[in-house]
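S.K.: here is a sequence with its predicted model. Questions after.
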Amino acid sequence: MKKFNLAVVGATGLVGRKMIEVLEEESLPINSLKLLASSRSAGLSIDFNGQPLIVEQLKENSFEGIDIALFSAGGEISIKFVPLAAKSGCVAIDNSSAFRMTKDVPLVVPEVNPDDLRAHKNIIANPNCSTIQLMLPTKILMDNYGIDRLICSTYQSITGAGQKGLDKLKNEINGNFIEGEEPIAYNTLFHSLTENGFTDEENKMVNETKKILGDKELKLAYTCVRIPTIGGHAESVNIDLSKEYDIEEIKKLFKDSEGITYIDENEAGIYPTPHSVNNKNNVFISRLRRDNSSKNGLYMWVVADNLRKGAATNAVQIAKKMIEMELV
């Protein structure tokens, strides 16, 4: 079996470290793994498969001999280095928003639109964390019933803001608040507002959903909220389907689908939470119920670990899928 040379850019960050964990678990055919980060982190040691690897400083020639590079170092780094990686013949899988809406760059959730990978030009975008987990059940419903309208409110972990956000929460819980700065502890926050009145996160979810599902006319309504939790993102979803449905049939579709764990709270007496899905790769769905205010309305509760399926796991799964499809 052919083996590949991989690199992780941003290896010392929250998502970068998680990428390394997932690479160990997924058992990809790896010949070598290079860990890359800023000069501040160069020289640190991180274990991979029981062996210490030294983090190297990211440079313009870092991708010589690399087959696949997983990027999670922020948009500015991606804008500069992803094209350099692609030019060197390396497939760059980027976790930032820098290339998501670029016309010739596939935006991929492997369980949803793997065939889009065939058109890659050495750059593939990893979708936004909240978008990823929503796409798995939405694609199933779209294919089987059609969708007239989708409304989603998110409850997003502060870990989505990276180490900086996590440190902010921990410091505030310990009583260290910054005067004049809106806290996340015991509070809720919106993402950055844009000129159209929506937050950047809400705009991302609308645009990415349409691109991934290949339907520019989808009627979507998103409200995205950051909350002081660790472990994963939760989403309250309300969908108007295009035709009549049977809830038991939808439950079966979810249970039989790759990447989804369906939990029937009526049977198990439990439901997924950010805490319970922490460090798990699947998307968890529960609270499936009919919306009687609409002809074919449906409610569901969707939860996933935003550092895993919402970022690191999805990126590694893209790499794995590309190897399986012989696209690298």
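M.R.: That came through, no problem. Just so it is clear, the model here is predicted, and its values are computed rather than measured. Residues are numbered from 1 along each chain as shown.
S.K.: tell me the contacts of E182?
M.R.: Counting by Cβ atoms under 8 Å, 6 or more residues apart in numbering, E182 makes contact with L189. Heads up, the C-betas are built off the backbone N, CA and C, glycines and all.
S.K.: tell me the confidence at it?
M.R.: pLDDT, the model's per-residue confidence, is 94 for E182.
S.K.: kindly report the same for G160.
M.R.: The score at G160 is 88. That number is its pLDDT.
S.K.: same check, this time on S192
M.R.: So S192 comes in at 88 (pLDDT).
S.K.: remind me, longest helix of this structure?
M.R.: As assigned by DSSP state H, the longest helix anywhere in the chain is helix 129-145.
S.K.: note down every partner strand of the next helix or strand after it and its orientation.
M.R.: The helix or strand immediately downstream of helix 129-145 is strand 147-157, counting by DSSP states H and E. Paired neighbours of strand 147-157 in the sheet (DSSP bridges): strand 220-227 (parallel), strand 233-241 (antiparallel).
S.K.: check which helices and strands whichever helix or strand comes after strand 147-157 sits against.
M.R.: For strand 147-157, the following helix or strand on the C-terminal side (DSSP H and E) is helix 162-173. Packing partners of helix 162-173 (3 or more Cβ pairs under 8 Å, 6 or more residues apart in numbering; DSSP states H and E): helix 14-26.
S.K.: what strands flank whatever helix or strand comes next after the helix it packs on, and is each parallel or antiparallel?
M.R.: Remark: after helix 14-26, the chain's next helix or strand is strand 30-37, criterion DSSP H and E. In the sheet, strand 30-37 lines up against strand 4-9 (parallel), strand 56-57 (parallel) (DSSP bridges).
S.K.: so for V283, which of these sits nearest?
M.R.: strand 4-9 (23.4 Å; Cβ to Cβ).
S.K.: list of residues touching the closest one?
M.R.: Defining contact as Cβ under 8 Å, 6+ apart, one finds that strand 4-9 is touched by 16, 19-20, 23, 28-37, 58, 62-63, 65-73, 77, 81, 90, 319, 323, 328.
S.K.: can you count the residues close to D67?
M.R.: 21 (other Cβ atoms under 10 Å).
S.K.: over to E244?
M.R.: 8.
S.K.: isn't it right up against L298?
M.R.: No: applying Cβ atoms under 8 Å as the test, E244 and L298 come out as separate, 11.0 Å apart.
S.K.: related to what we said a few turns ago, including mean neighbour count, mean pLDDT and distance to I250, could the strands paired with strand 30-37 go into TSV?
M.R.: Formatted as TSV, the strands paired with strand 30-37 follow (neighbours: other Cβ atoms under 10 Å; pLDDT from 0 to 100; distance: least, Cβ to Cβ, whole Å):
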stretch	mean neighbour count	mean pLDDT	distance to I250
strand 4-9	24	98	37
strand 56-57	15	97	48
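S.K.: what residues of stretch 163-180 count as buried?
M.R.: G165, L166, K168, L169, E172 (16 or more other Cβ atoms under 10 Å).
S.K.: let me see the contact set for the nearest residue to the second one once chain neighbours are set aside.
M.R.: Read that as L166. Nearest residue to L166, sequence neighbours excluded (Cβ to Cβ, 6 or more residues apart in numbering): T159, at 5.5 Å. Contacts for T159 (Cβ under 8 Å, 6+ apart) come out as L14, G165, L166, I230, G231, N306, L307.
S.K.: what two of those residues are the furthest from one another?
M.R.: G165 and G231 (13.5 Å).
S.K.: show me where the protein has strands.
M.R.: Ranges of strands in the chain, per DSSP state E, are 4-9, 30-37, 45-48, 51-54, 56-57, 68-71, 91-94, 123-125, 147-157, 220-227, 233-241, 260-262, 283-291, 297-304.
S.K.: how about those in a markdown table, adding distance to V277?
M.R.: Below are those laid out as a markdown table (distance: least, Cβ to Cβ, whole Å):
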| stretch | distance to V277 |
| --- | --- |
| strand 4-9 | 23 |
| strand 30-37 | 27 |
| strand 45-48 | 25 |
| strand 51-54 | 29 |
| strand 56-57 | 33 |
| strand 68-71 | 22 |
| strand 91-94 | 23 |
| strand 123-125 | 24 |
| strand 147-157 | 10 |
| strand 220-227 | 15 |
| strand 233-241 | 9 |
| strand 260-262 | 9 |
| strand 283-291 | 5 |
| strand 297-304 | 5 |
